[in-house]
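> Show me the folded form of this:
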Amino acid sequence: YKSTKYFIGDEARQFVKEEVSSKEDLSDITEIFGTVASPGKATAQVKLIQSFADINKIDKGEILVASMTSPRLMGAITKASAIITDEGGLTCHAAIISREIKIPCIVGTKIATKVLKDGDTVEVDAKRGIVKKINS
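Residues are numbered from 1 along each chain as shown. Prediction:
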């Protein structure tokens, strides 16, 4: 007999981190591909934004990397020189906002938050939908 478990908040994040997230070794990946949501190019350091609590850790000109964006992250988005997300398409929040504020954006990468870490320098080519790790 199986039981159903429900997790919320930090408990849910911890469960996903330990049990659901991919166990694959992604450390050798140097290029990530996604959908161009707003064209342009940017090269800068990455800041991984995992929750609303992280919005103050991004500095002006850094590249925001998140699973997806929402209006709550606007304080961080307006400082970013580009946006990269795991989820989303041409009508997602990150796509619409990046076009409005005219910064490059690549969405739907599926693995950006698993491959990129704070401090990695990347080149976002949001004409071809490619993110290249320059160094970590």
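> Count the neighbours of Gly89 for me.
12 (other Cβ atoms under 10 Å). (C-beta placed from N, C-alpha, C; glycine too.)
> Now do it against Leu73, distance only.
18 Å (Cβ to Cβ, to the nearest Å).
> What segments of the protein are helices?
Listed in chain order, the helices of the chain (DSSP state H) span 9-15, 74-77, 93-101, 112-115.
> which residues sit against the last one?
Contact partners of helix 112-115, identified using Cβ atoms under 8 Å, 6 or more residues apart in numbering, comprise 21-22, 26, 29, 32, 34, 48, 50, 65-67, 84-86, 131, 133.
> Just the buried ones from these?
With burial judged by 16 or more other Cβ atoms under 10 Å, the buried subset of the contacts of helix 112-115 is Ile32, Gly34, Leu48, Val65, Ala66, Ile84, Thr85, Asp86, Val131, Lys133.
> residues contacting the first one?
Read it as Ile32. The neighbours of Ile32, taking Cβ under 8 Å, 6+ apart as the test, are Ile84, Ile106, Thr109, Ile111, Ala112, Val115, Leu116, Ile130, Val131.
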